[in-house]
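Chemist: sequence? don't have it. structure:
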């Protein structure tokens, strides 16, 4: 895949991630907005129901207090001080033009607050009134007017009252009802003007309202009178929260006396309640969004890593071709030279070229062995032979191996064996390769005469071996990559420094197999130092 296609693929993936993320954010925001609207609606309805409940309860209590108490009937007696009620049997108009009423039943006398007195009599009642008014015995609820000159008639058990007496009674009852109305208004004003609402009453009303509501959030409330918080239940909220609350409803708006009384409710955990009510929706959405993002991120990471590995492998193949091409060319040239009739007769020349062939052949074998070792480590096919070995002896052997190269470049290797206990349980062959790779790496990246120092010291239950050079060094970003396979520090031409980029990767694999660890400390232009910790007994570290 070329760079343009790879960049286009990454751009499309990033665009898809941004689009999916944006859609999820918009959807979640809309869902939260709908939940907030539903919350506001049900809260408003519940608070209004609670306010109506409080007002209805207060009016009902006032009704029973005012009208069902014994003193409520003290405004008057419907039959108070009435002395002119009669029961008559007949009536007639006399020759003198007067109306004669024969009373043969009874009359009732009752003073205000007294017991009615019934008097039985049978007499003639003569009145100068032009008419009398009588309750109709045949049609209850209606009154009968008997005019003077109506002749004769009979009736039974009819209640009769004269007109003057009815007018007096009507005026009296009018005054009583007027006094009653004035007293009721005065009492109502007194009650409305001094309305006291208890915290328990409001809390009970709100609890009942929210009990029948789809939402049941935790709330705090307060009664605000004339802009000041008077009574309520609040723990987390303060007075300003109630005054600024969006959930307020006025109380007793139908009262004759207009008062500024408001029920204010706040919900300290409103946000958590709304989000908690959609926990499954939000959780599922966020989970799958995270999975999608993780999938895209992992795909992107693997693509970039694969591209990097592909480039490193290409570099490895180029380096391997170069590394093998040189000894092959040398061997080929030496073989052709030996076949020359002039050279084949010269034994010293033949021995020289044969030695050259062996040297180059050994060099190729070493490269092939390194590659095979890495492959074996990948497949976990390498078998380690752990035994007690001296790390000092292994270091000396490795230094002897590179001594010729050091001398050719006018370098030096300084050994400082400070470890009092150099013997560890390890594989001598692989430990030798470990030290040899570190020394080879120090030589490669020392552009001038190599100046290498190898030091050992004991630490806890193991030994620390340090290999330090004064070469080109490396930056922090390079230090985090040098143990990766095929990675090589680029310095202009990739072939300036020979190698496959496998030495340090192999070194770390050997250290890991011995349950140790390896660290690098370096600064550009000041050289590098590799510290290797190896435990005395790897079995104890497992």
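Modeler: That came through fine. Model, not experiment: these values are computed from the prediction.
Chemist: who are the packing partners of the host helix or strand of residue 204?
Modeler: Following DSSP states H and E, the helix or strand that holds residue 204 is helix 199-211. Here helix 199-211 touches helix 3-67, strand 220-225, strand 228-233, going by 3 or more Cβ pairs under 8 Å, 6 or more residues apart in numbering; DSSP states H and E. In short, each C-beta sits where N, CA and C put it, glycine included.
Chemist: parallel or antiparallel, which strands does the second one pair with?
Modeler: In the sheet containing strand 220-225, the strands it pairs with under DSSP bridges are strand 228-233 (antiparallel), strand 261-266 (antiparallel).
Chemist: would you list the ones you listed in CSV and tack on distance to residue 467, mean neighbour count and mean pLDDT?
Modeler: Written out in CSV, the entries for these read as follows (distance: least, Cβ to Cβ, whole Å; neighbours: other Cβ atoms under 10 Å; pLDDT from 0 to 100):
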stretch, distance to residue 467, mean neighbour count, mean pLDDT
strand 228-233, 75, 16, 75
strand 261-266, 70, 22, 84
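Chemist: which one of the ones you listed lies nearest to residue 6?
Modeler: The stretch from the strands paired with strand 220-225 with the least distance to residue 6 (Cβ to Cβ) is strand 261-266; that distance is 56.5 Å.
Chemist: any idea how far residue 24 is from residue 283?
Modeler: As defined by Cβ to Cβ, to the nearest Å, residue 24 lies at a distance of 13 Å from residue 283.
Chemist: the two: who's more crowded?
Modeler: Applying other Cβ atoms under 10 Å to residue 24 and residue 283 shows that residue 24 carries more neighbours, namely 16 against 10.
Chemist: show the pLDDT at the more buried one.
Modeler: If you check residue 24, the pLDDT there is 82.
Chemist: what's the closest non-adjacent residue to it?
Modeler: With Cβ to Cβ, 6 or more residues apart in numbering as the measure, residue 289 is the residue that lies nearest to residue 24, at 4.9 Å, once sequence neighbours are left out.
Chemist: okay, the angle between the host helix or strand of that neighbour and helix 3-67?
Modeler: Mapping residue 289 onto the secondary structure by DSSP H and E places it in helix 279-338. Angle of helix 279-338 versus helix 3-67, following axes from the mean of the first three to the mean of the last three Cα atoms, to 10 degrees, is 170 degrees.
Chemist: ok, then the element right after helix 279-338?
Modeler: If you walk from helix 279-338 toward the C-terminus, the next helix or strand you reach (DSSP H and E) is helix 341-344.
Chemist: counting by contacts, list what that next one packs against.
Modeler: Contact analysis of helix 341-344 by 3+ Cβ pairs under 8 Å, 6+ apart lists helix 347-378 as its packing neighbours.
Chemist: which SSE is immediately downstream of the helix it packs on?
Modeler: Stepping forward along the backbone from helix 347-378, the first helix or strand reached (DSSP H and E) is strand 387-390.
Chemist: any idea which helix or strand comes after that next one?
Modeler: Downstream of strand 387-390, the next assigned helix or strand under DSSP H and E is helix 391-408.
Chemist: quick one: average confidence on that following helix?
Modeler: Per-residue pLDDT values over helix 391-408 give a mean of 88.
Chemist: so what strands line up beside the helix or strand following it?
Modeler: Of the helices and strands lying after helix 391-408 in sequence (DSSP H and E), the nearest is strand 412-417. Strand partners for strand 412-417, identified by DSSP bridges, are recorded as strand 451-459 (parallel).
Chemist: who are the packing partners of the helix or strand just after the partner strand?
Modeler: Sequence order places strand 462-468 as the next helix or strand after strand 451-459, per DSSP H and E. Identification of packing neighbours for strand 462-468 by 3+ Cβ pairs under 8 Å, 6+ apart yields helix 391-408, helix 428-444, strand 451-459, strand 527-535.
Chemist: sheet-wise, list the partners of strand 462-468 with their directions.
Modeler: Looking at strand 462-468 with DSSP bridges, its partner strands are strand 451-459 (antiparallel), strand 527-535 (antiparallel).
Chemist: and the angle from the first one to helix 391-408?
Modeler: The reference is to strand 451-459. Relative orientation of strand 451-459 versus helix 391-408 (the same axes, to 10 degrees): 170 degrees.
Chemist: now the angle from strand 451-459 to helix 428-444?
Modeler: Note on geometry: by the same axes, to 10 degrees, strand 451-459 and helix 428-444 are set 140 degrees apart in direction.
Chemist: give me the mean pLDDT for strand 451-459.
Modeler: Confidence over strand 451-459 (mean pLDDT, whole number) is 92.
Chemist: buried residues in it?
Modeler: Using 16 or more other Cβ atoms under 10 Å as the burial criterion, the residues of strand 451-459 that qualify are 451, 452, 453, 454, 455, 456.
Chemist: repeat for stretch 437-452
Modeler: Neighbour-count burial for stretch 437-452 flags 437-446, 450-452 (criterion: 16+ other Cβ under 10 Å).
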